[in-house]
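Undergrad: attaching a predicted model along with its sequence, questions to come.
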Amino acid sequence: MAWNRKQTDVLAVGYGVRRVILRKQDNDEPPSSEKEERWKSSVIVKSGGGDLRKNGGLVCFWSLKNPLAPELVLELANDVEITSLAFSYHHPSLLAVGDSSGGIVVYDILKDTVSPSIVPAVSTGLHTGAVWELKWVLGGKEHGEFLMSTSADGRVMQWVVSKAVERVAPDLMHLKRRPGAQAESIFVEDVDAADNASGYRRRRKAAEDAVLSHQAGGMCFDVCPTDHSVYIVGTEDGSIFQCKKSQTEVHDLDYAPHSELVYRIAWSPFNSNYFLTCSADWTTRLYEVGHITQRLTFDSANQDAVQNVAWSYCNALMFATVSGHGNLEVWSILDNIYPRATVQFEDRRRLKTVLFAEQETSVILVGDDTGDVTVFLLKNTACGRQDLTDDEQENWLDEVVKKQIA
């Protein structure tokens, strides 16, 4: 999920491969094109006779003003799933999309309703595994902005976007596996037999190739908000590396690793000295830049893999996490034992993404593996801005962390 940079109530949501069964008509004749289109758009899959059809991933553009229907729908090729999304800062109509095959394309949502207008210039040198993280990075007045990506193939790459998506050589980093670390099963975990399609097979093969070459698949990264030459990347074996774009192949700092894969890294929007990580090892951690060990650890209340983490944009102490068994937790840095609020989905559906609204409001959005996006409002006034300026929020986070670790 990604918020538009200009129209901050517009949300882009990426979806995986859709599978539907086209039922035969009563006279056993093939369905008409009109009925076929109607069935193809349905999310209901019924057992029994019929042909199984696969449809590519979707990007839907939703507005909080109209939760009943998307404003725009873009469809990708068959068997390709959306794995990452990012809106441009300088050109808010440009949406970069990463997929399960390693592809990266850019849509101009003002004119591209069928296919992307900006695609890779060449077919060589691209990612060979799922693009798990994709971000636009500001390069200054002279350089505009560019794309960064990390993938299951163990590479961190940089791209220039103009009339085409062009890879910048050399790669920013080839992620190395920690000695003794084992490959994780994220590429096929919680996937039923029907989901073992070519996209997943490609990702599993990329993981196996990475093991053989002693590389670790890249799962996530974030760029320092005050120094865009610095980024931190998390891998499938739990490693957390701090890197500089000017130094390829060598990372500056190796933070204390998680015991399992790192799903997300998120720098604080108020204080660039701190970042959060979440992992399949049931924990969320707060790190201070330059300090190898974590400052605070937040354990999942349900002892469950923490799939995603997101900071609040109006309160420097607040963040939210989601788990693989349907649990949303809202935390404060003030208390690393008990979350401030929890929501347990009754069907224990797998929650995959979480975002705070970027407006001055305590709204949380949660995406799950059924394709739903659920919106929550935090009514507790303690979750709000507290009438503090950004500088005061920055100092507030510093003071609270120091008290917590004292």
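TA: Cool, the structure landed.
Undergrad: name the helix or strand of this protein that has the lowest mean pLDDT.
TA: helix 33-41 (a mean of 33; mean pLDDT, DSSP states H and E).
Undergrad: helix/strand/coil for Val401?
TA: helix (DSSP: H, G, I helix; E, B strand; the rest coil).
Undergrad: oh, I was asking about Trp396
TA: Using three-state DSSP, the structure places Trp396 in helix.
Undergrad: so who does Leu328 touch?
TA: Shown in contact with Leu328 (CB atoms under 8 Å, 6 or more residues apart in numbering): 320-322, 342-345, 351, 354, 364, 366, 376. For the C-beta atoms, the positions are set from N, CA and C on the backbone; glycine is no exception.
Undergrad: and with 6 Å instead?
TA: 322, 343, 366 (CB atoms under 6 Å, 6 or more residues apart in numbering).
Undergrad: so what's it closest to, chain neighbours aside?
TA: Nearest residue to Leu328, sequence neighbours excluded (CB to CB, 6 or more residues apart in numbering): Val343, at 4.3 Å.
Undergrad: so for the helix or strand the one you found falls within, what gets flagged as buried?
TA: Using DSSP states H and E, Val343 falls within strand 341-344. For strand 341-344, the neighbour count (16 or more other CB atoms under 10 Å) marks 341, 343 as buried.
Undergrad: parallel or antiparallel, list what pairs with that strand.
TA: Applying DSSP bridges, strand 341-344 is found paired with strand 327-332 (antiparallel).
Undergrad: tell me what the nearest residue in space to Ser88 that is not next to it in sequence is bridged to.
TA: Closest residue to Ser88 apart from its sequence neighbours, by CB to CB, 6+ apart: Leu94 at 4.0 Å. Residues in a beta bridge with Leu94, per DSSP bridges, are Asp108.
Undergrad: who's in contact with Leu94?
TA: 88, 106, 108.
Undergrad: I'd say the last one and Ser93 touch.
TA: Yes - using CB atoms under 6 Å as the test, Asp108 is close enough to Ser93 to be in contact (5.3 Å).
Undergrad: can you give me the neighbour number for Glu399?
TA: A count of nearby residues for Glu399, using other CB atoms under 10 Å, gives 10.
Undergrad: likewise the one 5 residues further on?
TA: Counted with other CB under 10 Å, the neighbours of Gln404 add up to 14.
Undergrad: just grab the bridge partners of the closest residue to it other than its chain neighbours for me.
TA: Nearest non-adjacent residue to Gln404, counting by CB to CB, 6+ apart: Leu296, 5.9 Å away. Per DSSP bridges, the residues bridged to Leu296 are Leu286.
Undergrad: begin at 43 from now on, thanks
TA: In the new numbering, first residue 43, that becomes Leu338.
Undergrad: I figured Leu338 hits Arg327, correct?
TA: No - Leu338 lies out of contact with Arg327 (CB under 6 Å); the separation is 7.0 Å.
Undergrad: the more surrounded of these two?
TA: A count of neighbours by other CB under 10 Å puts Arg327 above the other of Leu338 and Arg327, at 24 against 19.
Undergrad: check the gap between that one and Gly99 for me.
TA: Per CB to CB, to the nearest Å, Arg327 is found 31 Å from Gly99.
Undergrad: can you check Val443 too?
TA: Taken as CB to CB, the span from Val443 to Gly99 is 39 Å.
Undergrad: neighbour-wise, which of these two wins?
TA: In this view Val443 and Gly99 are compared by other CB under 10 Å, and Gly99 has more residues nearby, 23 against 19.
Undergrad: export stretch 368-375 to PDB, keeping only CA atoms.
TA: Provided in PDB are the C-alpha atoms of stretch 368-375 (Å, rounded to 0.1, in the frame of the first residue of the first chain):
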ATOM      1  CA  GLY A 368      -4.800 -11.500  12.400                       C
ATOM      2  CA  ASN A 369      -3.600  -9.300  15.200                       C
ATOM      3  CA  LEU A 370      -3.200  -5.500  15.000                       C
ATOM      4  CA  GLU A 371      -1.200  -3.900  17.800                       C
ATOM      5  CA  VAL A 372      -0.700  -0.200  18.500                       C
ATOM      6  CA  TRP A 373       2.400   0.500  20.600                       C
ATOM      7  CA  SER A 374       4.000   3.500  22.400                       C
ATOM      8  CA  ILE A 375       7.700   3.800  23.100                       C
END
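Undergrad: remind me which residues of the stretch 143-292 of the chain are low pLDDT?
TA: Scanning the stretch 143-292 of the chain for pLDDT under 70 picks out the ranges 182-184, 222-255.
Undergrad: strands of that one, residue ranges please.
TA: For the stretch 143-292 of the chain, the strands defined by DSSP state E, counting those that start in this stretch cover 146-150, 173-180, 187-193, 197-203, 207-216, 260-265, 272-277, 282-286.
Undergrad: ok, which of those strands comes nearest Arg306?
TA: strand 260-265 (5.1 Å; CB to CB).
Undergrad: show me how far the closest one is from its chain's centre.
TA: Chain-centre distance of strand 260-265: 9 Å, with CA atoms, centre = their mean, to the nearest Å.
Undergrad: hmm, back to that, which among the contacts of Leu136 gets closest to Glu371?
TA: Ser130 (31.5 Å).
Undergrad: I'd assumed Lys177 was in contact with that closest one.
TA: No - using CB under 6 Å, Ser130 is not in contact with Lys177; the gap is 10.4 Å.
Undergrad: so where do the helices sit in the stretch 193-342 of the chain?
TA: Ranges of helices in the stretch 193-342 of the chain, per DSSP state H, counting those that start in this stretch, are 240-254.
Undergrad: specify which member of the contacts of Leu370 is nearest to Ile307.
TA: Of all these, Ile307 sits closest to Val364, with 15.4 Å by CB to CB.
Undergrad: so who does the closest one touch?
TA: Counted by CB under 6 Å, 6+ apart, Val364 has contacts 349-350, 370, 393, 396, 408.
Undergrad: and with 8 Å instead?
TA: Shown in contact with Val364 (CB under 8 Å, 6+ apart): 348-350, 370-371, 393-396, 408.
Undergrad: do Ile375 as well
TA: 328, 338, 358-359, 361, 439, 442-443, 446.
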